[in-house]
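A.B. asks: this one's sequence-less:
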């Protein structure tokens, strides 16, 4: 069987400017931040980013890497609106396709099943259709004749997700209370790269957790990255909670200053800078 392990830098080296990139997790929960930080160390830009947005979107938007964003929201959870996303959006820095959460889900489902679209009721009777004039409706061919939104497939060139455990073949396991939609991001993508807190032998994956926790399947995964604390500063339950103090600092610091202090080096440099900040703060 294929060993798919690689470093974060090797994973993002397989990405290109102009791609449509899906990023898993939800808000400020289990985001693949080590991979996002690695992406920020490259010159890749002009991305269409598809995400239930959190600091991944905020950082990429602030750094000028996003051409178009497809999202249902961009939040830090305990901070309702991602501030760096907001600032970039208010500058008109990128195009936005803002859709209902259920529409987003069915867009991923359509792409995962290689369908052009899936019908959904979400969005009807709302301004979603007004602000997204490219969206179309379809009429049920059956007796009900219901009008439904034809949610287009959210096809991804690549996807980045973070899970609690994985094996070298690409099987990924979540251990927290919510799987989010990481499996759909992987299935909707031509190539998916999975970071994890720890790589373990395949047999270890089901010793302490049910087989149903093996959400991400190896046939959808092109690369596996072991990245301890790789979701920081977002949460990765049950391994660790969100670093609320650091998230507040991120939200309240001008982007150039934050990037210079924490993102000017590699991942070990990031961890050292965060540790130093925690030691020095009042």
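C.D. replies: Everything's here; your move. Just so it is clear, the model here is predicted, and its values are computed rather than measured.
A.B. asks: when you work out contacts or count neighbours from here on, use the C-alpha atoms and nothing else.
C.D. replies: OK.
A.B. asks: okay, helices next: where are they in the stretch 101-250 of the chain?
C.D. replies: For the stretch 101-250 of the chain, the helices defined by DSSP state H, counting those that start in this stretch occupy 101-112, 128-131, 182-188, 244-252.
A.B. asks: which outside residues touch the longest one?
C.D. replies: Which is helix 101-112. Applying Cα atoms under 8 Å, 6 or more residues apart in numbering, the contact partners of helix 101-112 are 71-72, 116-118, 120, 122-123, 151-156, 181, 184-185, 187-189.
A.B. asks: check stretch 169-180 too.
C.D. replies: Here stretch 169-180 has contacts from 1-5, 24-26, 163-166, 194, 196, 202, 205, 209, 213-224, 236-238, using Cα under 8 Å, 6+ apart.
A.B. asks: ends of that stretch, how far apart?
C.D. replies: Taking Cα to Cα, to the nearest Å, stretch 169-180 runs 22 Å from one end to the other.
A.B. asks: what does stretch 223-234 give?
C.D. replies: Note: stretch 223-234 ends 22 Å apart using Cα to Cα.
A.B. asks: start the count at 393 instead of 1 going forward.
C.D. replies: Fine by me, first position is 393 from now on; the one you just mentioned is stretch 615-626.
A.B. asks: buried residues in it?
C.D. replies: 615, 616, 617, 618, 619, 621, 622, 623, 624, 625, 626 (16 or more other Cα atoms under 10 Å).
A.B. asks: and the angle from the host helix or strand of residue 661 to helix 636-644?
C.D. replies: Using DSSP states H and E, residue 661 maps to helix 659-672. Per axes from the mean of the first three to the mean of the last three Cα atoms, to 10 degrees, the angle that helix 659-672 makes with helix 636-644 is 100 degrees.
A.B. asks: so for helix 659-672, what's the average pLDDT?
C.D. replies: Mean pLDDT, helix 659-672: 97.
A.B. asks: cool, and stretch 450-468?
C.D. replies: 98.
A.B. asks: ok, stretch 632-639 next?
C.D. replies: On average, stretch 632-639 scores 98.
A.B. asks: all strands of the chain, in order?
C.D. replies: 412-415, 439-443, 458-463, 487-490, 509-512, 528-531, 539-544, 548-558, 564-565, 581-591, 615-618 (DSSP state E).
A.B. asks: for the first one, name the packing helices and strands.
C.D. replies: When contacts are defined as 3 or more Cα pairs under 8 Å, 6 or more residues apart in numbering; DSSP states H and E, strand 412-415 sits against strand 439-443, strand 548-558.
A.B. asks: pairing partners for the last one, with directions?
C.D. replies: Spelled out, it's strand 548-558. strand 412-415 (parallel), strand 564-565 (antiparallel), strand 581-591 (parallel) (DSSP bridges).
A.B. asks: of these, which is nearest residue 646?
C.D. replies: strand 412-415 (23.6 Å; Cα to Cα).
A.B. asks: buried ones in the closest one, by neighbour count?
C.D. replies: For strand 412-415, the neighbour count (16+ other Cα under 10 Å) marks 412, 413, 414, 415 as buried.
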